[in-house]
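Enquirer: let's see this in three dimensions:
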Amino acid sequence: MTAAIERRFEAARAVVDDAARLALSMRPPPGGPVGTQKSAQDWLTEADGAVEAFISRRMAALFPDDGFQGEEEGATRSGSLRWVVDPIDGTSNFARGRNRWCVSLGLLEDDRPVAGIVCAPALGETYTGLVGKGAFLNGKPIKASPVNDTRSAMIEMGWSNRVPKPVFMEKIGAILDSGAMPRSGGSGALALTDVACGRLDAYIEIVINLWDVAGALPILAEAGAKVSPFLRDGGLTGGATILAVAPGIAEALSKAVQIPLI
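Expert: A predicted model of the protein is given here:
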């Protein structure tokens, strides 16, 4: 791990903290959704654009030679080191004034995830991961669940309107047949960090984007979770499938849901 990456990681933590406070100040009150509905269950709020722009400006000022890619504006700068942000992951929750959403920022070095920060300010939680330095929740080390039997497992599966219903039902059926307990919480980034800290034993999403997972990937790796080859299988340029799973059930679950691991 180079000093340049460590320096960027420390700076990014402060930027994400400020961005998370901005997002929290813009969260609607509890109630019906506030925002624009782009498609079924796919929401856009004023905070999405504001938070992304805030992070983009700050990172450009700090590291002008780095690339930058956001969910809302796409790739706006290029560089061998690239920041990837999801300004509000879990927008459907955010739009209803709920707490389960986060700001996610990941750093890629030549398309390799090297650092990640996932901050859920309404929950008072910040996950961090730096390759070779460990994974942490609010500064305390975390690791993936020790569960080794799917009949004891809690597994979350994300839903997307880009996935045909039969495919979704097939995977959910496989989870149920394995004896696991299914969950769905509305934030892919937080589901992945839940796998990293052992609150979940696995997370599956058939079509998910780079900005949803970039912040969590280094955290998962440092926490000892097993992850499917998301980046290799199309995640760098479009939607792809991800499976993140505790090592003790990795082989069994991968076989059951037919998603290969690295």
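Enquirer: would you mark the buried spots in the host helix or strand of V118?
Expert: For V118, the element it lies in under DSSP states H and E is strand 112-120. Within strand 112-120, the residues scored as buried using 16 or more other CB atoms under 10 Å are 113-120. C-beta coordinates here come from the backbone N, C-alpha and C atoms, glycine included.
Enquirer: doesn't V15 make contact with R58?
Expert: Yes. Under the criterion of CB atoms under 8 Å, R58 makes contact with V15 at 4.7 Å.
Enquirer: higher neighbour count, these two?
Expert: Neighbours per residue, other CB atoms under 10 Å: of R58 and V15, the larger number sits with V15, 21 against 17.
Enquirer: from A216, how far off is the more buried one?
Expert: Separation of V15 from A216 (CB to CB, to the nearest Å): 17 Å.
Enquirer: ditto for S160
Expert: According to CB to CB, S160 stands 17 Å off from A216.
Enquirer: these two: which is more packed in?
Expert: Neighbour tally, S160 and A216, criterion other CB under 10 Å: the higher count belongs to A216, 36 against 17.
Enquirer: phi, psi for the closest residue to that one other than its chain neighbours please.
Expert: Spatial nearest neighbour of A216, chain neighbours left out: L192 (3.7 Å); criterion: CB to CB, 6 or more residues apart in numbering. Per-residue torsions, L192: phi -70, psi -40 (degrees, to the nearest 10).
Enquirer: correct me, but L192 touches A202?
Expert: No. L192 lies out of contact with A202 (CB under 8 Å); the separation is 10.1 Å.
Enquirer: could you pull out the residues contacting both of these two?
Expert: A244 (CB atoms under 8 Å, 6 or more residues apart in numbering).
Enquirer: quick one: the helices in the protein?
Expert: With DSSP state H as the criterion, the chain has helices at 3-26, 46-62, 91-94, 165-177, 188-197, 210-213, 216-223, 250-257.
Enquirer: please identify which pair of the buried residues of strand 112-120 lies farthest apart.
Expert: Using CB to CB, the buried residues of strand 112-120 span at most 21.8 Å, a distance reached by V114 and A120.
Enquirer: okay if I get the helices of the chain as JSON lines plus distance to T150 and mean pLDDT?
Expert: Shown next, in JSON lines, are these (distance: least, CB to CB, whole Å; pLDDT from 0 to 100):
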{"stretch": "helix 3-26", "distance to T150": "34", "mean pLDDT": "97"}
{"stretch": "helix 46-62", "distance to T150": "36", "mean pLDDT": "96"}
{"stretch": "helix 91-94", "distance to T150": "27", "mean pLDDT": "92"}
{"stretch": "helix 165-177", "distance to T150": "8", "mean pLDDT": "96"}
{"stretch": "helix 188-197", "distance to T150": "14", "mean pLDDT": "98"}
{"stretch": "helix 210-213", "distance to T150": "23", "mean pLDDT": "98"}
{"stretch": "helix 216-223", "distance to T150": "19", "mean pLDDT": "98"}
{"stretch": "helix 250-257", "distance to T150": "6", "mean pLDDT": "98"}
